[in-house]
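K.L.:
Model the structure of this input:
(2 chains)
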Amino acid sequence: MEYVAYTLAVFVVVTAVATALLRDVLAAIVIFGAYSLGMALLYTLLLAPDVGLTEAVIGAGVTTLLLLLTIAKTVRPSGDRTIERIDPRALFACGALAVVFGLTLPGLPAVGDPNAPIVSYDAVTGHYLTQSYAETGVENTVTAVLAAYRGFDTFGEATVVFAAGVAALVVLRREVLT
Amino acid sequence: MSAVRVVAPFVLTFGLFVTFHGADSPGGGFQGGALVGVVVLMLAFAFGIDPTRRWLGSWIVTVVAALGLVVFAAIGFGSVALGGGFLQYVRYPLDHPTKLGIEAVEIGGIALIVAGVIVGLFFLTAAGPGGEES
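P.N.:
The predicted model follows:
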(Lines give C-alpha, C1' and ligand atoms only; values in the text may rest on other atoms or scores of the structure.)
Protein backbone atom coordinates (compact mmCIF):
# COMPACT_ATOMS: atom_id res chain seq x y z
CA MET A 1 0.00 0.00 0.00
CA GLU A 2 2.75 2.44 0.98
CA TYR A 3 4.73 1.65 -2.15
CA VAL A 4 1.68 2.38 -4.30
CA ALA A 5 1.30 5.75 -2.57
CA TYR A 6 4.99 6.61 -2.99
CA THR A 7 4.90 5.55 -6.65
CA LEU A 8 1.83 7.75 -7.22
CA ALA A 9 3.51 10.67 -5.43
CA VAL A 10 6.57 10.38 -7.69
CA PHE A 11 4.29 10.08 -10.74
CA VAL A 12 2.40 13.23 -9.72
CA VAL A 13 5.62 15.24 -9.21
CA VAL A 14 7.09 14.05 -12.54
CA THR A 15 3.92 14.86 -14.50
CA ALA A 16 3.63 18.26 -12.78
CA VAL A 17 7.22 19.17 -13.71
CA ALA A 18 6.66 17.88 -17.27
CA THR A 19 3.51 20.03 -17.57
CA ALA A 20 5.54 23.08 -16.60
CA LEU A 21 8.50 22.33 -18.85
CA LEU A 22 6.96 20.98 -22.08
CA ARG A 23 6.84 23.57 -24.86
CA ASP A 24 4.11 21.85 -26.89
CA VAL A 25 0.82 22.95 -25.31
CA LEU A 26 -1.07 19.86 -26.49
CA ALA A 27 1.47 17.53 -24.83
CA ALA A 28 1.34 19.64 -21.66
CA ILE A 29 -2.47 19.36 -21.53
CA VAL A 30 -2.41 15.58 -21.99
CA ILE A 31 0.22 15.18 -19.26
CA PHE A 32 -1.74 17.56 -17.02
CA GLY A 33 -4.70 15.17 -17.40
CA ALA A 34 -2.44 12.30 -16.31
CA TYR A 35 -1.33 14.42 -13.34
CA SER A 36 -4.97 14.93 -12.30
CA LEU A 37 -5.64 11.20 -12.61
CA GLY A 38 -2.62 10.49 -10.37
CA MET A 39 -3.90 13.02 -7.82
CA ALA A 40 -7.38 11.44 -7.93
CA LEU A 41 -5.90 7.98 -7.23
CA LEU A 42 -3.74 9.45 -4.45
CA TYR A 43 -6.75 11.10 -2.78
CA THR A 44 -8.68 7.83 -2.98
CA LEU A 45 -5.72 5.95 -1.50
CA LEU A 46 -5.61 8.49 1.36
CA LEU A 47 -9.29 7.68 2.09
CA ALA A 48 -10.73 10.90 0.66
CA PRO A 49 -12.94 9.37 -2.07
CA ASP A 50 -15.16 12.47 -2.31
CA VAL A 51 -12.16 14.64 -3.18
CA GLY A 52 -10.77 11.92 -5.47
CA LEU A 53 -14.05 11.77 -7.40
CA THR A 54 -14.07 15.55 -7.80
CA GLU A 55 -10.45 15.60 -8.97
CA ALA A 56 -11.13 12.82 -11.50
CA VAL A 57 -14.21 14.47 -12.98
CA ILE A 58 -13.22 18.14 -12.83
CA GLY A 59 -9.41 17.93 -13.00
CA ALA A 60 -8.84 15.04 -15.38
CA GLY A 61 -12.11 15.34 -17.31
CA VAL A 62 -13.65 18.79 -17.62
CA THR A 63 -10.45 20.85 -17.33
CA THR A 64 -8.67 18.75 -19.97
CA LEU A 65 -11.63 19.11 -22.37
CA LEU A 66 -11.89 22.88 -21.81
CA LEU A 67 -8.14 23.32 -22.33
CA LEU A 68 -8.24 21.20 -25.52
CA LEU A 69 -11.14 23.30 -26.83
CA THR A 70 -9.16 26.44 -26.06
CA ILE A 71 -5.96 25.43 -27.85
CA ALA A 72 -8.01 24.25 -30.84
CA LYS A 73 -8.59 27.98 -31.39
CA THR A 74 -4.91 28.93 -31.04
CA VAL A 75 -1.70 28.19 -32.92
CA ARG A 76 1.11 25.97 -31.76
CA PRO A 77 4.46 27.64 -31.01
CA SER A 78 6.91 27.17 -33.86
CA GLY A 79 10.42 25.81 -33.36
CA ASP A 80 11.81 22.40 -32.67
CA ARG A 81 12.64 22.68 -28.96
CA THR A 82 10.59 20.30 -26.84
CA ILE A 83 11.57 21.72 -23.44
CA GLU A 84 10.79 25.28 -22.42
CA ARG A 85 13.76 27.50 -21.51
CA ILE A 86 14.06 27.63 -17.74
CA ASP A 87 13.99 31.07 -16.15
CA PRO A 88 16.45 31.02 -13.20
CA ARG A 89 14.30 33.41 -11.16
CA ALA A 90 11.17 31.27 -11.66
CA LEU A 91 13.20 28.17 -10.81
CA PHE A 92 14.44 29.86 -7.63
CA ALA A 93 10.90 30.91 -6.62
CA CYS A 94 9.47 27.41 -7.23
CA GLY A 95 12.41 25.75 -5.46
CA ALA A 96 12.11 28.08 -2.44
CA LEU A 97 8.36 27.41 -2.21
CA ALA A 98 8.96 23.64 -2.41
CA VAL A 99 11.60 23.85 0.34
CA VAL A 100 9.29 25.87 2.62
CA PHE A 101 6.42 23.42 2.14
CA GLY A 102 8.80 20.47 2.49
CA LEU A 103 10.05 21.78 5.85
CA THR A 104 6.53 21.49 7.28
CA LEU A 105 6.22 17.79 6.29
CA PRO A 106 7.99 16.32 9.39
CA GLY A 107 5.49 18.23 11.55
CA LEU A 108 2.48 16.45 10.04
CA PRO A 109 0.99 13.43 11.82
CA ALA A 110 1.07 10.01 10.10
CA VAL A 111 -1.90 9.10 7.88
CA GLY A 112 -4.64 7.61 10.07
CA ASP A 113 -2.84 8.46 13.33
CA PRO A 114 -5.51 8.34 16.10
CA ASN A 115 -3.48 10.86 18.13
CA ALA A 116 -3.43 13.43 15.30
CA PRO A 117 -4.56 16.84 16.63
CA ILE A 118 -7.42 17.02 14.13
CA VAL A 119 -8.94 13.92 15.78
CA SER A 120 -7.83 14.05 19.41
CA TYR A 121 -7.95 17.78 20.25
CA ASP A 122 -10.56 19.09 17.85
CA ALA A 123 -14.00 18.74 19.41
CA VAL A 124 -15.70 19.73 16.12
CA THR A 125 -14.24 16.87 14.04
CA GLY A 126 -14.99 14.34 16.75
CA HIS A 127 -18.55 15.63 17.00
CA TYR A 128 -19.06 15.29 13.23
CA LEU A 129 -17.60 11.77 13.14
CA THR A 130 -19.59 10.45 16.09
CA GLN A 131 -22.84 12.43 15.97
CA SER A 132 -23.51 13.25 12.30
CA TYR A 133 -25.58 10.12 11.62
CA ALA A 134 -27.72 10.59 14.73
CA GLU A 135 -28.26 14.28 13.99
CA THR A 136 -28.73 14.27 10.20
CA GLY A 137 -29.55 10.67 9.23
CA VAL A 138 -27.03 10.50 6.37
CA GLU A 139 -24.12 8.05 6.42
CA ASN A 140 -21.63 10.13 4.45
CA THR A 141 -20.18 12.54 7.01
CA VAL A 142 -18.74 14.71 4.22
CA THR A 143 -22.24 15.24 2.79
CA ALA A 144 -23.63 15.93 6.28
CA VAL A 145 -20.98 18.61 6.88
CA LEU A 146 -21.38 20.17 3.42
CA ALA A 147 -25.17 20.30 3.23
CA ALA A 148 -26.22 20.51 6.90
CA TYR A 149 -23.56 21.73 9.35
CA ARG A 150 -21.96 24.04 6.80
CA GLY A 151 -24.99 24.43 4.54
CA PHE A 152 -24.74 28.21 4.40
CA ASP A 153 -21.11 28.00 3.17
CA THR A 154 -22.17 25.50 0.51
CA PHE A 155 -24.95 27.85 -0.58
CA GLY A 156 -22.27 30.51 -1.02
CA GLU A 157 -20.10 28.12 -3.06
CA ALA A 158 -23.03 27.12 -5.27
CA THR A 159 -23.75 30.81 -5.84
CA VAL A 160 -20.09 31.36 -6.79
CA VAL A 161 -20.24 28.51 -9.34
CA PHE A 162 -23.42 29.99 -10.83
CA ALA A 163 -21.90 33.48 -10.82
CA ALA A 164 -18.83 32.14 -12.67
CA GLY A 165 -21.10 30.82 -15.42
CA VAL A 166 -22.92 34.15 -15.64
CA ALA A 167 -19.59 36.01 -15.69
CA ALA A 168 -18.46 33.89 -18.65
CA LEU A 169 -21.71 34.84 -20.41
CA VAL A 170 -21.08 38.53 -19.79
CA VAL A 171 -17.42 38.40 -20.88
CA LEU A 172 -18.27 36.52 -24.09
CA ARG A 173 -21.33 38.73 -24.68
CA ARG A 174 -23.75 35.87 -25.18
CA GLU A 175 -27.41 35.64 -24.23
CA VAL A 176 -27.67 32.07 -22.90
CA LEU A 177 -25.20 29.44 -21.66
CA THR A 178 -25.33 27.46 -24.90
CA MET B 1 -18.03 7.70 -31.74
CA SER B 2 -19.01 4.07 -31.08
CA ALA B 3 -16.91 4.14 -27.88
CA VAL B 4 -18.95 7.10 -26.62
CA ARG B 5 -22.16 5.34 -27.69
CA VAL B 6 -21.21 2.42 -25.42
CA VAL B 7 -19.71 4.35 -22.51
CA ALA B 8 -22.15 7.29 -22.24
CA PRO B 9 -25.11 5.36 -20.71
CA PHE B 10 -22.84 3.92 -18.02
CA VAL B 11 -21.32 7.32 -17.19
CA LEU B 12 -24.82 8.82 -17.02
CA THR B 13 -26.01 6.02 -14.72
CA PHE B 14 -22.92 6.37 -12.53
CA GLY B 15 -23.42 10.14 -12.38
CA LEU B 16 -27.05 9.75 -11.33
CA PHE B 17 -26.03 7.13 -8.75
CA VAL B 18 -23.36 9.42 -7.30
CA THR B 19 -25.89 12.26 -7.18
CA PHE B 20 -28.81 10.36 -5.67
CA HIS B 21 -26.76 8.11 -3.37
CA GLY B 22 -24.32 10.81 -2.26
CA ALA B 23 -25.79 10.98 1.23
CA ASP B 24 -24.79 7.38 2.01
CA SER B 25 -21.69 6.82 -0.16
CA PRO B 26 -18.82 8.92 -1.51
CA GLY B 27 -20.00 11.65 -3.84
CA GLY B 28 -22.92 14.02 -3.82
CA GLY B 29 -24.47 16.73 -5.92
CA PHE B 30 -21.20 18.32 -6.99
CA GLN B 31 -19.48 15.16 -8.24
CA GLY B 32 -22.67 13.63 -9.64
CA GLY B 33 -23.72 16.83 -11.38
CA ALA B 34 -20.26 17.11 -12.91
CA LEU B 35 -20.47 13.50 -14.17
CA VAL B 36 -23.89 14.11 -15.74
CA GLY B 37 -22.51 17.27 -17.35
CA VAL B 38 -19.50 15.34 -18.68
CA VAL B 39 -21.87 12.98 -20.53
CA VAL B 40 -23.00 15.96 -22.65
CA LEU B 41 -19.34 16.91 -23.21
CA MET B 42 -18.58 13.34 -24.37
CA LEU B 43 -21.54 13.39 -26.76
CA ALA B 44 -20.38 16.76 -28.10
CA PHE B 45 -16.85 15.44 -28.73
CA ALA B 46 -18.17 12.35 -30.52
CA PHE B 47 -21.08 13.76 -32.51
CA GLY B 48 -19.98 17.36 -33.02
CA ILE B 49 -20.42 20.36 -30.76
CA ASP B 50 -23.00 22.24 -32.85
CA PRO B 51 -25.36 19.26 -33.39
CA THR B 52 -25.23 18.51 -29.64
CA ARG B 53 -25.99 22.15 -28.84
CA ARG B 54 -28.97 22.16 -31.19
CA TRP B 55 -30.17 18.80 -29.80
CA LEU B 56 -30.03 20.12 -26.25
CA GLY B 57 -31.85 23.35 -27.03
CA SER B 58 -30.53 26.81 -26.42
CA TRP B 59 -32.22 27.76 -23.15
CA ILE B 60 -32.10 24.42 -21.29
CA VAL B 61 -28.59 24.80 -19.85
CA THR B 62 -29.16 28.29 -18.46
CA VAL B 63 -32.55 27.33 -17.06
CA VAL B 64 -31.12 24.20 -15.36
CA ALA B 65 -28.32 26.15 -13.67
CA ALA B 66 -30.65 28.97 -12.56
CA LEU B 67 -33.27 26.45 -11.37
CA GLY B 68 -30.64 24.79 -9.15
CA LEU B 69 -29.84 28.08 -7.44
CA VAL B 70 -33.56 28.87 -7.00
CA VAL B 71 -34.25 25.43 -5.47
CA PHE B 72 -31.29 25.74 -3.08
CA ALA B 73 -32.35 29.26 -2.03
CA ALA B 74 -36.02 28.22 -1.69
CA ILE B 75 -35.10 25.34 0.65
CA GLY B 76 -32.82 27.66 2.63
CA PHE B 77 -35.28 30.52 3.00
CA GLY B 78 -38.25 28.12 3.36
CA SER B 79 -37.06 27.18 6.85
CA VAL B 80 -36.66 30.90 7.62
CA ALA B 81 -40.29 31.41 6.60
CA LEU B 82 -41.26 28.56 8.96
CA GLY B 83 -39.66 30.44 11.83
CA GLY B 84 -36.18 28.87 11.85
CA GLY B 85 -32.72 29.77 10.58
CA PHE B 86 -31.38 29.51 7.03
CA LEU B 87 -31.35 25.81 5.96
CA GLN B 88 -32.61 24.69 9.39
CA TYR B 89 -34.14 21.53 7.97
CA VAL B 90 -35.85 20.41 11.19
CA ARG B 91 -38.39 23.19 10.74
CA TYR B 92 -39.96 21.29 7.84
CA PRO B 93 -42.88 19.14 9.05
CA LEU B 94 -41.61 15.86 7.53
CA ASP B 95 -40.25 12.52 8.68
CA HIS B 96 -36.41 12.69 8.71
CA PRO B 97 -36.44 16.37 7.66
CA THR B 98 -32.64 16.76 7.78
CA LYS B 99 -31.93 13.72 5.58
CA LEU B 100 -34.59 14.75 3.07
CA GLY B 101 -33.41 18.37 3.15
CA ILE B 102 -29.79 17.40 2.53
CA GLU B 103 -30.78 15.21 -0.41
CA ALA B 104 -33.07 17.89 -1.85
CA VAL B 105 -30.25 20.45 -1.68
CA GLU B 106 -27.71 18.01 -3.20
CA ILE B 107 -29.96 16.73 -6.00
CA GLY B 108 -32.23 19.69 -6.77
CA GLY B 109 -29.71 22.42 -6.05
CA ILE B 110 -26.00 21.67 -6.32
CA ALA B 111 -26.21 18.95 -9.00
CA LEU B 112 -28.29 21.14 -11.33
CA ILE B 113 -26.03 24.18 -10.87
CA VAL B 114 -22.80 22.23 -11.47
CA ALA B 115 -24.15 20.26 -14.46
CA GLY B 116 -25.59 23.39 -16.04
CA VAL B 117 -22.49 25.54 -15.57
CA ILE B 118 -20.07 22.82 -16.79
CA VAL B 119 -22.07 22.20 -19.98
CA GLY B 120 -22.58 25.93 -20.43
CA LEU B 121 -18.89 26.77 -20.03
CA PHE B 122 -18.03 24.03 -22.53
CA PHE B 123 -20.41 25.35 -25.17
CA LEU B 124 -19.35 28.94 -24.46
CA THR B 125 -15.67 28.04 -24.88
CA ALA B 126 -16.47 26.22 -28.10
CA ALA B 127 -18.50 29.12 -29.48
CA GLY B 128 -16.12 31.91 -28.48
CA PRO B 129 -17.07 35.58 -28.26
CA GLY B 130 -20.49 36.29 -29.78
CA GLY B 131 -20.69 40.04 -29.41
CA GLU B 132 -20.45 40.70 -33.13
CA GLU B 133 -23.43 38.50 -33.99
CA SER B 134 -25.96 39.87 -31.52
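K.L.:
CA only for contacts and neighbour counts going forward, please
P.N.:
Fine.
K.L.:
Can you tell me how far the spatially most central residue of chain B is from chain A?
P.N.:
Within chain B, the residue whose C-alpha comes closest to the C-alpha centroid is residue B:112; the distance, by Cα atoms, centre = their mean, is 2.2 Å. Counting by Cα to the nearest Cα, to the nearest Å, the separation of residue B:112 from chain A is 10 Å.
K.L.:
In terms of helices and strands, where is that residue?
P.N.:
In this assignment (DSSP states H and E), residue B:112 forms part of helix B:111-127.
K.L.:
Can you report phi and psi for residue A:83?
P.N.:
Taking degrees, to the nearest 10, you get phi -110, psi 130 for the backbone angles of residue A:83.
K.L.:
So what pairs up with it in the strands?
P.N.:
Here residue A:83 sits in beta bridges with residue A:22, going by DSSP bridges.
K.L.:
now what about the helix holding residue B:112, what contacts it?
P.N.:
A:62, A:66, A:69-70, A:158, A:161-162, A:165, A:168-169, A:172, A:177-178, B:19, B:28-38, B:40-41, B:49, B:53, B:61-62, B:64-69 (Cα atoms under 8 Å, 6 or more residues apart in numbering or on different chains).
K.L.:
quick one: residue A:91 is in a helix?
P.N.:
Yes - with DSSP: H, G, I helix; E, B strand; the rest coil as the criterion, residue A:91 is part of a helix.
K.L.:
Pull the number of nearby residues for it.
P.N.:
For residue A:91, the tally of surrounding residues (other Cα atoms under 10 Å in any protein chain shown) stands at 11.
K.L.:
measure it to chain B for me?
P.N.:
As judged by Cα to the nearest Cα, residue A:91 and chain B stand 32 Å apart.
K.L.:
how is chain A carved up into domains?
P.N.:
A:1-108, A:112-178 (automatic domain parsing).
K.L.:
Including mean pLDDT, could these go into TSV?
P.N.:
Written out in TSV, the entries for the domains of chain A read as follows (pLDDT from 0 to 100):
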stretch	mean pLDDT
domain A:1-108	90
domain A:112-178	84
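K.L.:
Could you export these as a markdown table, including distance to residue B:104?
P.N.:
Output for the domains of chain A, formatted as a markdown table (distance: least, Cα to Cα, whole Å):
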| stretch | distance to residue B:104 |
| --- | --- |
| domain A:1-108 | 19 |
| domain A:112-178 | 10 |
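K.L.:
can you list the weak-confidence ranges in chain B?
P.N.:
Counting by pLDDT under 70, chain B contains low-confidence residues at B:130-134.
K.L.:
got a list of what the spatially closest residue to residue B:90 that is not a sequence neighbour touches?
P.N.:
The shortest distance from residue B:90 to any non-neighbouring residue, by Cα to Cα, 6 or more residues apart in numbering or on different chains, is to residue B:97 (5.4 Å). Contacts of residue B:97 were listed using Cα under 8 Å, 6+ apart, and they are B:89, B:90, B:91.
K.L.:
shouldn't the second one be in contact with residue B:98?
P.N.:
Yes - using Cα atoms under 8 Å as the test, residue B:90 is close enough to residue B:98 to be in contact (5.9 Å).
K.L.:
With neighbour numbers in mind, choose between these two.
P.N.:
In this view residue B:90 and residue B:98 are compared by other Cα under 10 Å, and residue B:98 has more residues nearby, 23 against 18.
K.L.:
Would you enumerate the residues in contact with that one?
P.N.:
Residue B:98 makes contact with A:136, A:137, A:148, B:89, B:90 under the criterion Cα under 8 Å, 6+ apart.
K.L.:
how close does the residue nearest in space to the middle of chain A get to chain B?
P.N.:
For chain A, the residue whose C-alpha lies nearest the mean C-alpha position (Cα atoms, centre = their mean) is residue A:55; its distance is 5.6 Å. Separation of residue A:55 from chain B (Cα to the nearest Cα) stands at 9 Å.
K.L.:
for that residue, what are its contacts?
P.N.:
Applying Cα under 8 Å, 6+ apart, we find residue A:55 in contact with A:36, A:37, A:39, A:40.
K.L.:
Tell me, how many residues neighbour the residue nearest to the first one when sequence neighbours are not counted?
P.N.:
What that stands for is residue A:36. The shortest distance from residue A:36 to any residue that is not its chain neighbour, by Cα to Cα, 6+ apart, is 5.0 Å, and that residue is residue A:60. By the measure other Cα under 10 Å, the count of residues near residue A:60 is 23.
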